[in-house]
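Visitor: Sequence and computational prediction follow.
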Amino acid sequence: MDSKSHNGFRINGVKYGDKTKQAFEWWGPAPQTARKIAVSKSKALVDKRVSLKAAVKRYLRDAITIGIGGFVNTRVPVAIIHEIIRQGAKDLTLAFHSNSICAELLAGAMLLYPDHVSVKRAELAWWGYEVIGIAPLLRHLAAKGMIQLDDYSNYGMSARFKAAAMGLEFIPVRDHGGSDMERLNRGLMVSSPFSGKNTYLVPACYPDVGLLHVTAADMYGNCRIFGALCTCPEIAIASAHSIVSTEQVISNENIRTYPNLTEIPYLAVDALIEQPFGAYPGVCYGHYWFDMAHMQMFRNASDEFRKSGNKNPLKKYYEDYIFGCETFDAFLNKLPPEIFEKITQLDGGQPIIVD
Amino acid sequence: MSAYTPVEMITYTGSRILEDKKIVFVGTGLPMIAAMHAQLTHAPGLGMIFEAGALSPILDMGLPLSVGDTRACRKACYLKGLCAVFELTQRGCADYAFIGGAQIDCYGNVNSTFEGGSYSKPRTRFPGSGGAGVMAASCEKTIIIMALEKRRFVKKLDFLTSIGFGDGSPDYRENAGVMGSGPYRVITHEALFGFDPQSKKMMLLEIAPGKTPEQIQEKVSFELRISPKLKPMRVPAAKDLKLLRHVCDPEGYFLTRKVN
């Protein structure tokens, strides 16, 4: 680097050049591989509806990177995560910007059933529950050195998915520079080839499998999202394969009536599952608000494990609600029906266009 | 009406700093409440950005409990995703960032990643940057909320998550490749801080009634600059408390919490 490079200004005095000595490794597919996978797919408009079980069986493997859609508690793919935990996979890499219960459910599965589920690392911006509190299982795994973390900002992770959705290797961003994320994450400070100014590049993030929950989709996988889009369209397009659960399946005729409303095109969807309440206990705009009591119940069990080492309440959650259920509907059926009336009411009937 | 609490003082101070006809990028909790209060009082033309994708919503369903939840999207002017709102911010459309964290240093750098131990084996791992790192880099001015405690106002951060003025060198931010002008205010319930334009170091601007600069200094690990125009902090009036308690956060999700 030239003498203007940013490392001269590092607070910690750690030279940025140290990072360039390590060969960069793609944790998910390399861009060329991701492209080959896209090229090899059938582009036909075919019915992509499958059972959740079949979809997860088709794409889940050990040591893959899974991209998790939604944002904290919003439209999080909880149904798909339950099935991943049921089927089990080891040495997973998690890629997301901000998440609560999906990441914690996987972390808890790893702590309780390490021979069945394990998370090797996470590339992320934020892992917590917002109003409900910090994520106890992240805190536990990190303190024990049981998980490798690669930290970015929320824009950094979103831009990484976006870069992959554009077929690129990296994208410049106006943040991370001058922070310890610059020093430790897998981005790199370079001189702009145009102005010579320091510019931070983050590597694209191509997940092997993207997990998304959407408001509505036709059977071909054209998806509509109401409420915040989060980074779901980018994650779907970035991923080598995407599993999408949807609150409801709508007609292709309706999709074609309002083509502007399609946020994820059918080309980026490999498996579609109609799963009402698929983001529960998270929130899904136009359908339901989040169930804070249920989140708290799971979080309390997690926190008890972190503080006292008592695994029983956490184990009971997994036994009752995940391993004790054949499907996500079976889980929902175990809960009092009035919960669903309440969270539906709390949504306030946000207007969405589905017919 | 009972006297104000520390959290109400912080929120009220946050509100009065926000100017009308600007955009504030807010996170969950006190920043949202401060922005709501500002809209209801001196800044009706203030717009909010929520990072999950909403620009200028009308919070007529009540306080959002998550920046991505339904309430945060309600009646927005523009509702997309993280890329859209962060790119607007990077372009220069967000005037204020409102962030928090676990530690702050004299140059307004903030840690929200971990405390104690090492990065790979932290004693206490926090959620991480989330939006804070990019807000501190790309919003024009950064407002930081922090509990006034020695263990939080530190000489050296365990991890620099959100960029302030770095090591205080004049071109630190430019060399870091970021565009915003940097830390603007640090709000606590007993003191309001700004930054000395020359040294970039934290400076005591206002102080809560009954407190002395020495008492504030005792709660800060680094040496504070003191503004020659040191003023008392304005306290929330009865009408402000009424708005905060009954309109902004009637369920007391955030305002009934302790400062730390």
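Guide: Yes, it's here. Numbers count the residues shown, from 1 in each chain, chains lettered A, B, ... in the order given.
Visitor: In the stretch 201-350 of chain A, where is pLDDT below threshold?
Guide: Within the stretch 201-350 of chain A, no stretch has pLDDT under 70.
Visitor: Closest residue of the stretch 101-250 of chain A to chain B?
Guide: A:Gly178 (2.8 Å; CB to the nearest CB). Where you see a C-beta, it was placed from the backbone N, CA and C, and this is true even at glycine.
Visitor: Could you pull up phi and psi at A:Pro114?
Guide: Torsion angles at A:Pro114 (phi, psi; degrees, to the nearest 10) stand at phi -60, psi -20.
Visitor: measure it to A:Ile101 for me?
Guide: 20 Å (CB to CB, to the nearest Å).
Visitor: In contact with the residue of chain B found nearest chain A, which residues?
Guide: Residue of chain B nearest chain A, by CB to the nearest CB: B:Ala176 (2.8 Å). Residues counted as contacts of B:Ala176 (CB atoms under 8 Å, 6 or more residues apart in numbering or on different chains) are A:6, A:9, A:177-179, A:182, A:198, A:200, B:137, B:163, B:166.
Visitor: Likewise for B:Tyr4?
Guide: B:12, B:235-236, B:241.
Visitor: With A:Phe226 instead?
Guide: A:215, A:285-286, A:350, A:352-353.
Visitor: ok, now with 7 Å
Guide: By CB atoms under 7 Å, 6 or more residues apart in numbering or on different chains, the contact set of A:Phe226 is A:215, A:285-286, A:350, A:352.
Visitor: Filter these to keep only those in contact with chain B.
Guide: A:285, A:350 (CB under 7 Å from any CB of the partner chain).
Visitor: which SS class is residue 58?
Guide: The chain I'm using is chain A. helix (DSSP: H, G, I helix; E, B strand; the rest coil).
Visitor: quick one: the strands in chain A?
Guide: A:65-68, A:89-95, A:98-99, A:117-124, A:126-127, A:148-151, A:170-173, A:188-191, A:198-203, A:209-217, A:223-224, A:241-249, A:262-264, A:271-274 (DSSP state E).
Visitor: out of these, deepest packed?
Guide: Most buried of these, by mean neighbour count (mean count of other CB atoms under 10 Å in any protein chain shown): strand A:98-99, with a mean of 33.
Visitor: rewinding a little: any idea which of the contacts of B:Ala176 is closest to A:Pro313?
Guide: A:Ser179 (37.5 Å; CB to CB).
Visitor: Show which residues not belonging to stretch B:252-260 make contact with it.
Guide: A:131, B:6-8, B:11, B:29-30, B:33, B:63, B:65, B:147, B:149, B:189, B:244-245, B:249.
Visitor: among the residues you listed, which are in helices?
Guide: B:6-8, B:11, B:30, B:33 (DSSP state H).
Visitor: quick one, which of A:Pro114 and A:Ile101 is more surrounded?
Guide: A:Ile101 (27 against 11; other CB atoms under 10 Å in any protein chain shown).
Visitor: Go ahead and confirm the more buried one touches A:Arg75.
Guide: No - between A:Ile101 and A:Arg75 there is no contact under CB atoms under 7 Å: 12.0 Å.
Visitor: Mind listing the residues bridging to the residue nearest to the spatial centre of chain A?
Guide: For chain A, the residue nearest the mean C-alpha position is A:Ile68 (1.2 Å; CA atoms, centre = their mean). Counting by DSSP bridges, A:Ile68 is bridged to A:Leu211.
Visitor: Contacts only, for it.
Guide: Taking CB under 7 Å, 6+ apart, one finds A:77, A:94, A:96, A:99, A:102, A:211 in contact with A:Ile68.
Visitor: got those residues as TSV, with distance to B:Ser129 columns?
Guide: As requested, the contacts of A:Ile68 are exported to TSV (distance: CB to CB, whole Å):
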residue	distance to B:Ser129
A:Pro77	23
A:Leu94	16
A:Phe96	13
A:Asn99	14
A:Cys102	19
A:Leu211	22
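Visitor: thinking again about what came up before, and the contacts of B:Tyr4, which of them are buried?
Guide: Applying 16 or more other CB atoms under 10 Å in any protein chain shown to those, the neighbour count classes B:12, B:236, B:241 as buried.
Visitor: Longest strand in chain B, by number of residues?
Guide: Under DSSP E, chain B gives strand B:225-232 as its longest strand.
Visitor: Show me what it is packed up against.
Guide: Secondary-structure packing of strand B:225-232 (3 or more CB pairs under 7 Å, 6 or more residues apart in numbering or on different chains; DSSP states H and E): strand B:202-207.
Visitor: Give me the contacts around the strand it packs on.
Guide: Residues outside strand B:202-207 that contact it (CB under 7 Å, 6+ apart) are B:106, B:108, B:186, B:191-196, B:213, B:216, B:224-227, B:230-233.
Visitor: Stretch A:333-349 now?
Guide: Under the contact criterion CB under 7 Å, 6+ apart, stretch A:333-349 has outside partners A:277, A:286-289, A:291, A:320-321, B:61, B:70.
Visitor: Of the residues you listed, which pair is most distant in space?
Guide: Using CB to CB, the contacts of stretch A:333-349 reach their maximum pairwise distance at A:Asp320 and B:Met61, which is 32.7 Å.
Visitor: Now stretch B:214-226: average pLDDT?
Guide: For stretch B:214-226, the mean pLDDT works out to 98.
Visitor: Okay, now it: how far is its last residue from its first?
Guide: 10 Å (CA to CA, to the nearest Å).
Visitor: Stretch B:23-38 too?
Guide: Across its full length, stretch B:23-38 reaches 12 Å between end residues, using CA to CA.
Visitor: right, is it up against chain A?
Guide: Yes - against chain A, stretch B:23-38 shows contacts by CB under 7 Å from any CB at B:Thr28.
Visitor: tell me the mean pLDDT over that stretch?
Guide: Stretch B:23-38 comes out at a mean pLDDT of 95.
Visitor: And for stretch B:247-254?
Guide: 93.
Visitor: now do stretch B:42-50
Guide: Rounded mean pLDDT across stretch B:42-50 is 97.
Visitor: Name the residues that touch it?
Guide: With CB under 7 Å, 6+ apart, stretch B:42-50 has contacts from B:18-26, B:35, B:38-39, B:55-57, B:67, B:72, B:85, B:89, B:94.
Visitor: now it, how far from the centre of its chain.
Guide: Distance of stretch B:42-50 from its chain centroid, counting by CA atoms, centre = their mean, to the nearest Å, is 15 Å.
Visitor: now do the same end-to-end measure for it.
Guide: Criterion CA to CA; first-to-last residue distance in stretch B:42-50 is 21 Å.
Visitor: buried stuff in that stretch?
Guide: B:43, B:46-50.
Visitor: Please list all residues in contact with A:Gly178.
Guide: By CB under 7 Å, 6+ apart, the neighbours of A:Gly178 are B:163, B:166, B:172-173, B:176, B:178.
Visitor: Who wins on neighbours among these?
Guide: Greatest neighbour count in those, by other CB under 10 Å, goes to B:Ile163: 32 neighbours.
Visitor: How much space separates the nearest residue to that residue once chain neighbours are set aside from B:Pro170?
Guide: Distances taken as CB to CB, 6 or more residues apart in numbering or on different chains place A:Gly178 nearest to B:Ile163, at 4.4 Å, with adjacent residues excluded. Note on A:Gly178: its distance to B:Pro170, by CB to CB, is 13 Å.
Visitor: with the contacts of A:Phe226 in mind, which one is nearest to chain B?
Guide: For the contacts of A:Phe226, the nearest to chain B is A:Tyr285 (4.8 Å; CB to the nearest CB).
Visitor: was I right about that closest one contacting A:Gly227?
Guide: Yes - A:Tyr285 is in contact with A:Gly227 according to CB under 7 Å; the separation is 2.5 Å.
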